[in-house]
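Visitor: This is the structure alone, sequence omitted:
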């Protein structure tokens with residue numbers, strides 16, 4: 001016997017990228033990829049829209065986050081960072097060069113005059129990079145934080 005709040009419609013267990021607890025969804029929604037993603041997105045799992053739907057042999061469904069604006073896994077981020085070319089802000093590189101020359105007692109006024117154009121160029125490029133970083137940080141600060149779907153382990 002069912003109560004007024006229970007449904008007799010069959011449900012399918014949907015797991016979201018490593019979550020151990022399943023979300024029970026009506027089969028009519030779970031069997032349609034777009035409806036599934038739309039439903040989960042409406043209930044606060046924003047990265048469900050870009051997730052890959054994996055239909056398992058046992059009848060369950062697993063949504064796997066995809067790297068991108070939403071859903072970048074730590075492994076994907078680490079790989080991107082490891083594959084990125086090495087880079088150092090030109091102003092910092094120049095500072096280190098001048099500091100090394102100072103340790104070697106090779107930093108003279110004449111040396112600084114000869115490096116004047118390199119100093120200006122490094123300052124200019126360093127300021128551009130600093131503005132780019134500040135812009136990125138301010139854009140991140142303006143983003144609305146998303147709540148966690150589950151607590152951190154240990155809490």
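Guide: Ah, there it is. What you see is a predicted model, and the numbers here were worked out from it, not measured in a lab.
Visitor: contacts and neighbour counts: CA atoms only from here.
Guide: Will do.
Visitor: list the helices and strands the longest helix along the chain packs on?
Guide: Criterion DSSP state H: the longest helix present in the chain is helix 116-142. Packing partners of helix 116-142 (3 or more CA pairs under 8 Å, 6 or more residues apart in numbering; DSSP states H and E): helix 90-103.
Visitor: And the contacts of the helix it packs on?
Guide: 107, 119, 122-123, 125-126 (CA atoms under 8 Å, 6 or more residues apart in numbering).
Visitor: Which positions within it qualify as buried?
Guide: Across helix 90-103, burial judged by 16 or more other CA atoms under 10 Å covers 90-91, 94, 98.
Visitor: tilt between the longest helix of the chain and helix 90-103?
Guide: Between the axis of helix 116-142 and that of helix 90-103 there is an angle of 130 degrees, by axes from the mean of the first three to the mean of the last three CA atoms, to 10 degrees.
Visitor: So which bits of helix 116-142 are buried?
Guide: Taking 16+ other CA under 10 Å as the basis for neighbour counts, the residues of helix 116-142 that come out buried are 119, 122-123, 126.
Visitor: again with stretch 44-54
Guide: Of the residues in stretch 44-54, those with enough neighbours to count as buried (16+ other CA under 10 Å) are 45-51, 53.
Visitor: Quick one: which of these has the lowest pLDDT value?
Guide: Taking these together, the minimum pLDDT is found at residue 46 (71).
Visitor: Distance check, that one against residue 84.
Guide: Residue 46 sits at a distance of 28 Å from residue 84 (criterion: CA to CA, to the nearest Å).
Visitor: Then residue 140?
Guide: Using CA to CA, we find residue 140 at a distance of 21 Å from residue 84.
Visitor: Let me see the contact set for residue 30.
Guide: Under the criterion of CA under 8 Å, 6+ apart, the contact partners of residue 30 comprise 11-12, 14, 36, 61.
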